[in-house]
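S.K.: Quick one: sequence and predicted model below, then my questions.
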Amino acid sequence: MRDSILHALFRVLDLLPWTRRRKPGRHSAAHLDHDPVHPVPDEVPYSAWAKPWPGISSRQARAVFLADAALDLTPDQRERRWAAAFAELGVDYPYAYPGDHFSAAG
């Protein structure tokens, strides 16, 4: 029943000039026939995932953590030293402490 009502509505709308389609619909064969085919490029763009990202080695990270093991530091002091040591190596260390304004924002 709905199908016949829909077909009747389309026939009525086709009689009105401002409701007619000027171009074929996206899923019609006429539209797909006129769509230009783009060739696949010969060169594939370089992917950032092709090689692993550079970072500190496990040897460097182990040296940071073991150097502080010999010192008698509180956990807060130890974390600050780790953040400073990793900053020297160019690595962001997620340093956080209770009451900081960074954890309250996010």
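M.R.: Yep, it's here. Numbering: from 1, shown residues only.

S.K.: so Glu43 is in which element?
M.R.: Assignment of secondary structure by DSSP states H and E places Glu43 within no helix or strand.

S.K.: got a pLDDT number for it?
M.R.: Per-residue pLDDT puts Glu43 at 81.

S.K.: What of Pro94?
M.R.: For Pro94, the model assigns a pLDDT of 71.

S.K.: buried stuff in stretch 73-81?
M.R.: In terms of neighbour count (16 or more other CB atoms under 10 Å), stretch 73-81 has its buried residues at Glu79, Arg81. C-beta: built from backbone N, CA, C; applies to glycine.

S.K.: What is the distance between it and the centre of its chain?
M.R.: 34 Å (CA atoms, centre = their mean, to the nearest Å).

S.K.: pLDDT (mean, whole number) over that stretch?
M.R.: Stretch 73-81 comes out with an average pLDDT of 81.

S.K.: Now name the helix or strand holding the closest residue to Gly25 other than its chain neighbours.
M.R.: Setting aside the residues directly before and after it, Gly25 is nearest to His31 in space (CB to CB, 6 or more residues apart in numbering), at 6.1 Å. Element membership for His31 (DSSP H and E) is helix 29-34.

S.K.: what's downstream of that helix, the next helix or strand?
M.R.: If you walk from helix 29-34 toward the C-terminus, the next helix or strand you reach (DSSP H and E) is helix 58-69.
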